[in-house]
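In: need a structure here:
(one chain, ligands or ions: 1)
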Amino acid sequence: MVRKIIERHEWESDTANRTWIIAKWDDGGFSCSCPAWIYQKGGVRKDCKHINAFILSQNQREQYITATIQSVGNKVIKELKEKCDTMGGIEIQWEK
Ligand SMILES: [Zn+2]
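Out: Residues are numbered from 1 along each chain as shown. The predicted model follows:
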């Protein structure tokens, strides 16, 4: 099976004035263009600090989006409920 890159992300280095390219592969693995990732020894390549930071930022982004959707959803539901409560017993007049 040939591995394919499905996503590419630029990641600014906070130590060197450089931008690394983090690639996400279709098997779920990551690679990075930094020397620490490219020149590491051993059979199985470990994620470098950029990949770890990238994964963390992605998770946080997703958590943030989920939390925002939930809070906005709850707010809308709460407002609707309050409206319905104040309209209790009153016939609703629909705007023409
Ligand atoms: Zn890296």
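In: can you map out the helices along this protein?
Out: 35-38, 49-86 (DSSP state H).
In: tell me the most buried of those?
Out: helix 35-38 (a mean of 14; mean count of other C-beta atoms under 10 Å). Any C-beta I mention is one placed from the backbone N, CA and C, and that applies to glycine too.
In: what about it, near the ion?
Out: Yes: using C-beta under 5 Å from the ion, we find that helix 35-38 touches the ion at Trp37.
In: Out of the helices of the chain, which gets the lowest mean score?
Out: Across the helices of the chain, helix 49-86 has the smallest mean pLDDT, namely a mean of 88.
In: Relative to the whole chain's centre, how far out is it?
Out: The chain centre lies 12 Å from the centre of helix 49-86; the measure is C-alpha atoms, centre = their mean, to the nearest Å.
In: And stretch 12-30, by the same measure?
Out: For stretch 12-30, the distance to the chain centre is 15 Å (C-alpha atoms, centre = their mean).
In: May I have it exported as PDB, CA atoms only?
Out: Taking C-alpha atoms only, stretch 12-30 is exported to PDB below (Å, rounded to 0.1, in the frame of the first residue of the first chain):
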ATOM      1  CA  GLU A  12       6.200  28.100  12.700                       C
ATOM      2  CA  SER A  13       9.200  27.200  14.700                       C
ATOM      3  CA  ASP A  14       9.400  29.100  18.000                       C
ATOM      4  CA  THR A  15      13.200  28.600  18.300                       C
ATOM      5  CA  ALA A  16      14.500  28.900  14.700                       C
ATOM      6  CA  ASN A  17      13.100  31.500  12.300                       C
ATOM      7  CA  ARG A  18      11.700  28.800  10.100                       C
ATOM      8  CA  THR A  19       8.500  27.200   9.100                       C
ATOM      9  CA  TRP A  20       8.200  23.400   9.100                       C
ATOM     10  CA  ILE A  21       5.700  21.400   7.100                       C
ATOM     11  CA  ILE A  22       3.700  18.900   9.000                       C
ATOM     12  CA  ALA A  23       2.100  16.300   6.900                       C
ATOM     13  CA  LYS A  24      -0.800  14.000   7.900                       C
ATOM     14  CA  TRP A  25      -0.800  10.700   6.100                       C
ATOM     15  CA  ASP A  26      -3.800   8.600   5.200                       C
ATOM     16  CA  ASP A  27      -2.800   5.900   7.700                       C
ATOM     17  CA  GLY A  28      -3.100   8.500  10.500                       C
ATOM     18  CA  GLY A  29       0.600   9.100  10.900                       C
ATOM     19  CA  PHE A  30       2.400  12.400  10.800                       C
END
